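Q: Sharing a sequence plus its predicted fold:
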Amino acid sequence: MKWRISLHTLIILFFIFTATMSFARDYIIFSISQDLPMDDSEVKPKKNFYINMGIQQGIKEGSLLDVYRVISRLDPYENKKRYNYKVKIGEVKILHVEEQSSIASTITLNTGEAHPLFEIKNLMIGDHVDVKLK
């Protein structure tokens, strides 16, 4: 009887640990810092984007990451169904990397007629990041 209880306990623990490993983690921009322009001659101030992705996730200096924004819209005509769109809004390049976080700067922003309209026309806190696939 004692053997049977410990076997059941081991099986339950095994399923608990394997279930938690299967959940995917969202990697996002969690903070932004930027230069403050002192006069009008500085057209575009430099921005640093802080990302919760680092060496443990395979990131190194010079890595390129795609940045996505989730746009959620409600369809009032079909039982108020909500649609979520994961739209690529740009790319960043890693400048500095730590174990579980990194600092990046903007490489490209997807703006113009060929891309969807965004309310905020820049990267922002909460945008999702993924490793750029070639």
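A: Arrived safely.

Q: what about Thr108, helix or strand, and which?
A: Take DSSP states H and E as the rule and Thr108 turns out to sit in strand 102-109.

Q: In that strand, which residues are buried?
A: Judged by neighbour count using 16 or more other Cβ atoms under 10 Å, the buried positions of strand 102-109 are Ser102, Ile103, Ala104, Thr106. No exception for glycine: its C-beta is placed from N, CA and C like everyone else's.

Q: closest to Glu61 among those residues?
A: Ser102 (8.5 Å; Cβ to Cβ).

Q: one step back: so what does the strand holding Thr108 touch, helix or strand wise?
A: strand 47-51, strand 81-97 (3 or more Cβ pairs under 8 Å, 6 or more residues apart in numbering; DSSP states H and E).

Q: The shortest one: partners in the sheet, and parallel or antiparallel?
A: So the one you mean is strand 47-51. strand 29-34 (antiparallel), strand 102-109 (antiparallel) (DSSP bridges).

Q: Can you say which of the ones you listed is nearest to Thr9?
A: Across these, closest to Thr9 is strand 29-34 (Cβ to Cβ), at 37.9 Å.

Q: Sweet, I'm off.
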